[in-house]
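Trainee: with the sequence up front, the predicted model follows.
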Amino acid sequence: MNPQTNISLPRPTITPVSQPFWDSIKQGKLTLQQCEKCLDWVFYPREHCPHCFHDELIWREASGYGHLVTWSVIYRAGHPAWQELTPYIVGIVKLEEGPSLLTHLLIEEKDVFHLMEVEMDIQEIGPHPLPFFKKKEEN
Amino acid sequence: MARRPKGSIIGIGELKPVRYSTGKTTLSLIAESVRLAIQDAGISKGEVDGLLVGPQVGETPQHVPATVSEYLGINPAMSNTVDLGGATGPGMIWRAAAAIEAGMCETVVCVLANKNEKGETLRSPNRNPIREFDVPFGASGANTSYALLKRQHMEEYGSTQEEFAHLAYWARKNAQKNPDAIFYGKPAEVDDILASPLISDPLHLLEIVMPVAGGAAVVVTSEENANRGRHKPVYLRGAGEKITHRAVSQAPATNQLPFSYSIPKALEQAGINITDIDLFSLYDCYTSVVAVTLESAGLCKPGEFGSFVKSHTFGHDGDYPLNTHGGQLGFGQADLAGGMSHVIEAVHQLRGEADQRQIKDANLSLVTGNGATLSETTALVLGGER
């Protein structure tokens, strides 16, 4: 049997600490932790502030806006389940609140540019909604 | 003079890389590498009282030093697993010296090897938080991480595809003087590199290392015992190390990546300047790493590697000899052992035994190692004299 025929898109491996992040994504919201003491925003989710090491982090709704630091058009996927969806684009978004995250971009290659403004667009991929990003819409 | 770990390299062993291994275990390749290294040193395995090994995905995930010791039939008084990705090899060298100076042992074998069976893909079971927050979005593996780094450099500094391709060109060119290199007899021009398929844009296939099977081992002893080996000893003159992050999305700014600490630290320990270096043996899993390393080393300003690369020559007879063994881009990457190839080449050059690629009067080498995405970095200064 070819081991790749039954392979499915990898889902997030959620931990008790990150569960609130994914719960709010299910409700259509991006929430991040903010340190109660130094007020810095934190990502990835954790129980200790990586800036001041305080141990009280509070989940707060974030704007869902940011700008694109870098991106890659993927032709050969690192995970076999993604291969049939190539080419697609992933990128690093620096959120308005400060932290950066890696995400999937719903932007065509011809429209991508450095530092473009982007906004979250939650997509159902497989069984789990994921915070993808798209070009920020004009208000 | 800054405080520093002191030690000497008295033996090296390296397996000729092959694209795929058959019927091998990583343990057997480790043992073969060690056998070559102690033979080269002219010592028996009974004289080995320290062992540094790397983590092995898929084979011996835990208790690695004990498993390797048992296989080799040695009883080390100091052992450890060094887990710094591509920086593991150089990271082992100063740790070995430090353990010797601390009085724990006298002769340390540092060994890394990798089997590479056709059709076999080893995956770590869980690598949170990357597994949780990167992989589900379609970003798996190093190609994409280094592509993101390269794109950022191009956008921030205006560096070009052609400039990056020059780095791969020199690696392939230098590999033509190393019969052991996987790309020996297979040079590539800049145009060939630019015409190779985009794997993760902006990275082309020929800017990415070829995974191979292989192995490398290095015997480290004290400075005092440097002359017990059969060859001219090579001395550890300085070391620097820095970790700044794990996931590429959490990397610091492109001009603050960790080599900008670890390389100056190694030079400071050695009491030398970057211009004193005869061989630049710089970790090169991708062209984008070499670009950032040249800039972090202070050979050019941040963002200006392109004009530097196009105005100098990087062969053994060039003004900046760089990865004279072909680098990993030309030699092949036997997983973690690929990082050790930069140490091994430095030893060949400083002993004066690099044959047709020998750098004239080579006395000082900068060796770098890099793991994850410019996350774990180690720099060494190796010297032909104390």
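Mentor: Arrived safely, thanks for sending. Being a predicted model, the structure only gives us computed values, none of them experimental.
Trainee: going by C-alpha atoms from here, please, whenever you check contacts or count neighbours.
Mentor: Fine.
Trainee: tell me the mean pLDDT for stretch A:54-67?
Mentor: Here stretch A:54-67 scores 98 as its mean pLDDT.
Trainee: mind listing what's buried along that stretch?
Mentor: The neighbour-count check on stretch A:54-67 (16 or more other CA atoms under 10 Å in any protein chain shown) flags A:57-59, A:62, A:64-67 as buried.
Trainee: avg pLDDT for the strand or helix carrying B:Leu194?
Mentor: In this assignment (DSSP states H and E), B:Leu194 forms part of helix B:190-195. Mean pLDDT, computed over helix B:190-195, is 98.
Trainee: alpha carbons of that helix, as PDB, please.
Mentor: The C-alpha trace of helix B:190-195 is given here as PDB (Å, rounded to 0.1, in the frame of the first residue of the first chain):
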ATOM      1  CA  VAL B 190      24.600  30.600 -12.600                       C
ATOM      2  CA  ASP B 191      22.100  30.200 -15.400                       C
ATOM      3  CA  ASP B 192      21.600  26.500 -14.600                       C
ATOM      4  CA  ILE B 193      20.800  27.400 -11.000                       C
ATOM      5  CA  LEU B 194      18.300  30.100 -12.100                       C
ATOM      6  CA  ALA B 195      16.800  27.700 -14.600                       C
END
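Trainee: who's in contact with the residue nearest the centre of chain A?
Mentor: Nearest to the mean C-alpha position of chain A, by CA atoms, centre = their mean, lies A:Thr103 at 4.2 Å. By CA atoms under 8 Å, 6 or more residues apart in numbering or on different chains, the residues touching A:Thr103 are A:90-93, A:131-133, B:134, B:137.
Trainee: and these as JSON lines, adding secondary structure, neighbour count and pLDDT?
Mentor: Converted to JSON lines, those look like this (DSSP: H, G, I helix; E, B strand; the rest coil; neighbours: other CA atoms under 10 Å in any protein chain shown; pLDDT from 0 to 100):
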{"residue": "A:Val90", "secondary structure": "strand", "neighbour count": "25", "pLDDT": "98"}
{"residue": "A:Gly91", "secondary structure": "strand", "neighbour count": "25", "pLDDT": "98"}
{"residue": "A:Ile92", "secondary structure": "strand", "neighbour count": "24", "pLDDT": "98"}
{"residue": "A:Val93", "secondary structure": "strand", "neighbour count": "29", "pLDDT": "98"}
{"residue": "A:Pro131", "secondary structure": "strand", "neighbour count": "23", "pLDDT": "98"}
{"residue": "A:Phe132", "secondary structure": "strand", "neighbour count": "21", "pLDDT": "98"}
{"residue": "A:Phe133", "secondary structure": "strand", "neighbour count": "28", "pLDDT": "98"}
{"residue": "B:Asp134", "secondary structure": "coil", "neighbour count": "22", "pLDDT": "94"}
{"residue": "B:Phe137", "secondary structure": "helix", "neighbour count": "25", "pLDDT": "95"}
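Trainee: just to revisit the earlier point, quick check: buried residues in the following helix or strand past the helix holding B:Leu194?
Mentor: Per DSSP H and E, the first helix or strand lying C-terminal to helix B:190-195 is strand B:198-201. Buried positions in strand B:198-201, judged by neighbour count with 16+ other CA under 10 Å: B:198-201.
Trainee: looking at the residues you listed, which is nearest A:Pro127?
Mentor: Lowest distance from A:Pro127 to the buried residues of strand B:198-201 (CA to CA) belongs to B:Ser200, with 26.3 Å.
Trainee: dihedrals phi and psi, the nearest residue to that closest one once chain neighbours are set aside?
Mentor: The shortest distance from B:Ser200 to any non-neighbouring residue, by CA to CA, 6 or more residues apart in numbering or on different chains, is to A:Ile74 (4.4 Å). Main-chain torsions, A:Ile74, degrees, to the nearest 10: phi -90, psi 120.
Trainee: same check, this time on A:Glu61
Mentor: Here is the backbone geometry of A:Glu61 (degrees, to the nearest 10): phi -70, psi 130.
Trainee: give me the nearest residue to it, chain neighbours excluded.
Mentor: Nearest in space to A:Glu61, with sequence neighbours left out and distances taken as CA to CA, 6+ apart, is A:Thr31 at 4.2 Å.
Trainee: quick check, pLDDT for the one you found.
Mentor: 98.
Trainee: for chain B, see how far away it is.
Mentor: Distance, A:Thr31 to chain B, using CA to the nearest CA, to the nearest Å: 14 Å.
Trainee: identify each buried residue in the helix holding B:Leu194, please.
Mentor: B:190, B:193-194.
Trainee: and it, what does it pack against?
Mentor: Counting contacts by 3 or more CA pairs under 8 Å, 6 or more residues apart in numbering or on different chains; DSSP states H and E, helix B:190-195 packs against helix B:161-175, strand B:203-204.
Trainee: need these in a markdown table (columns: distance to B:Ser249, mean neighbour count and mean pLDDT).
Mentor: As requested, the helices and strands packed on helix B:190-195 are arranged in a markdown table below (distance: least, CA to CA, whole Å; neighbours: other CA atoms under 10 Å in any protein chain shown; pLDDT from 0 to 100):
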| stretch | distance to B:Ser249 | mean neighbour count | mean pLDDT |
| --- | --- | --- | --- |
| helix B:161-175 | 22 | 25 | 98 |
| strand B:203-204 | 18 | 26 | 98 |
